[in-house]
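Student: A structural model of the following input is requested.
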Amino acid sequence: MLKRKLICTVLVFALVVPSMASGCNKVVKEDEPGVASSAVTEMTEAKETLETIGITEPSAEEADAEPFVFEPHVKCELLSEIVTDEMWDSFYNMVDAIRAGEDTFECADEKAYEWCTHECTLGSFLPAACTHVVGDGYEYGKAKLEYKMDKDEFLEREQKFEEEIVRMLNEATRSDYSDFEKLITIYDYVCKNFQYDFTNIDGEDADGFGTYACLMTKEGICCEIAGAMTYLLLQTGVQAMDFGGQGSSGFHSWNYVLIGGRGYHVDATWALHGESPDTELSLQYFMMTERERADGHFEDFLQADLIWFWKTDYDLARFSATDPTFRQFHNWASYEGIDTAGNVVFYADNSGEHCELSYGDM
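Tutor: Numbers count the residues shown, from 1 in each chain. A predicted model of the protein is given here:
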């Protein structure tokens, strides 16, 4: 169950979404105002070609952004169909107990206990505890916990995990960014720093396979990459979840995100740089609609990965993705940078022409 049955085959990059009209505009000229900087955005165009997409000194306002701190109580609002507030409250009680090395926690009922202590729940929302802390029974509003490793060693493990998450977040994005800006900068970070690897596909615990392993080693297959993306996004307050589907290449996983009240599909696995960190970041599978995935003949069967293990009759239509705002990315565009002051993404289209797209207040 830990692997969520998402063992996918070697990715075949022959799947191509039909070309769409880019409708792009050329970027501003060199004598126009410069683009606001991002400590995490690396823009590779030569200075004489695209001066305005260079890294500039941050303004005083930008420099005041608060650093990220670890958020132990991450919450996926997309699960509201099946996870009640009482279940989340019970989970947070468990999180606080585990982080303090305690053996019991207040729990609403048996259903909440089963959800809180399930491997998939722990693997998704408290990754360092998955398989190393398990439920040990529920009775009269109290749930028991069992530690499968020395408690002091576990607490040290948890602390190191939290420190690594904070390090990545502060390297990848900024706390004062909008949800879209957090998403694209975390997508950029994951694609540049994580690698597709199925060496540990048979790992029997969270150290060998799953979200924790992926976040700590920066390696994994599609379901691990999706889990890592979900966790990093939830840490910043961006609503996201793992999504999956069965297609011609086997089972594949990616992310479903909610930005500006609208749903989108984001697939980081297909854009990983691998052993070539200087590779251009592909936007082909970033902010896709459900129609675009269907037209690309990706998956014949879809599922919300954080729900299916718990409830099989959920309403898949709740996870719609119909907004075509980013369609011009999906003709093999590559990311060049972002102007967070002007709400503009800079990219190159499939002919190499420099373009821009306004994302408004997302």
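Student: separation between the residue nearest the centre of the chain and A304?
Tutor: Nearest to the mean C-alpha position of the chain, by CA atoms, centre = their mean, lies M229 at 2.0 Å. Look at M229 and A304: by CB to CB, to the nearest Å, they are 15 Å apart. Any C-beta I mention is one placed from the backbone N, CA and C, and that applies to glycine too.
Student: Counting neighbours, which bits of the host helix or strand of M168 end up buried?
Tutor: Here M168 sits within helix 151-172, counting by DSSP states H and E. For helix 151-172, a neighbour-count test (16 or more other CB atoms under 10 Å) marks 154-155, 157-158, 161-162, 165-166, 168-170, 172 as buried.
Student: same check, this time on stretch 332-344
Tutor: Under 16+ other CB under 10 Å, the buried positions of stretch 332-344 are 332-340, 343-344.
Student: ok now that stretch, how far from the chain's centre?
Tutor: 19 Å (CA atoms, centre = their mean, to the nearest Å).
Student: So for it, mean pLDDT?
Tutor: Stretch 332-344 carries an average pLDDT of 96.
Student: Just the CA trace of it, in CSV.
Tutor: Extracted C-alpha coordinates of stretch 332-344, given in CSV (Å, rounded to 0.1, in the frame of the first residue of the first chain):
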residue,chain,number,x,y,z
TRP,A,332,7.0,22.6,-26.4
ALA,A,333,7.7,25.9,-24.7
SER,A,334,10.6,26.3,-22.3
TYR,A,335,10.7,28.4,-19.1
GLU,A,336,13.0,31.4,-19.0
GLY,A,337,12.0,33.4,-16.0
ILE,A,338,9.2,35.2,-14.1
ASP,A,339,8.5,38.9,-13.3
THR,A,340,6.6,38.7,-10.0
ALA,A,341,6.1,42.5,-10.0
GLY,A,342,4.5,42.5,-13.4
ASN,A,343,2.9,39.0,-13.1
VAL,A,344,4.5,37.8,-16.3
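Student: What segments of the chain are helices?
Tutor: Counting by DSSP state H, the chain has helices at residues 60-63, 85-99, 110-116, 119-125, 151-172, 179-193, 211-217, 222-236, 290-295, 305-308.
Student: most packed of the ones you listed?
Tutor: Across the helices of the chain, the average number of neighbours (mean count of other CB atoms under 10 Å) peaks for helix 222-236, which reaches a mean of 27.
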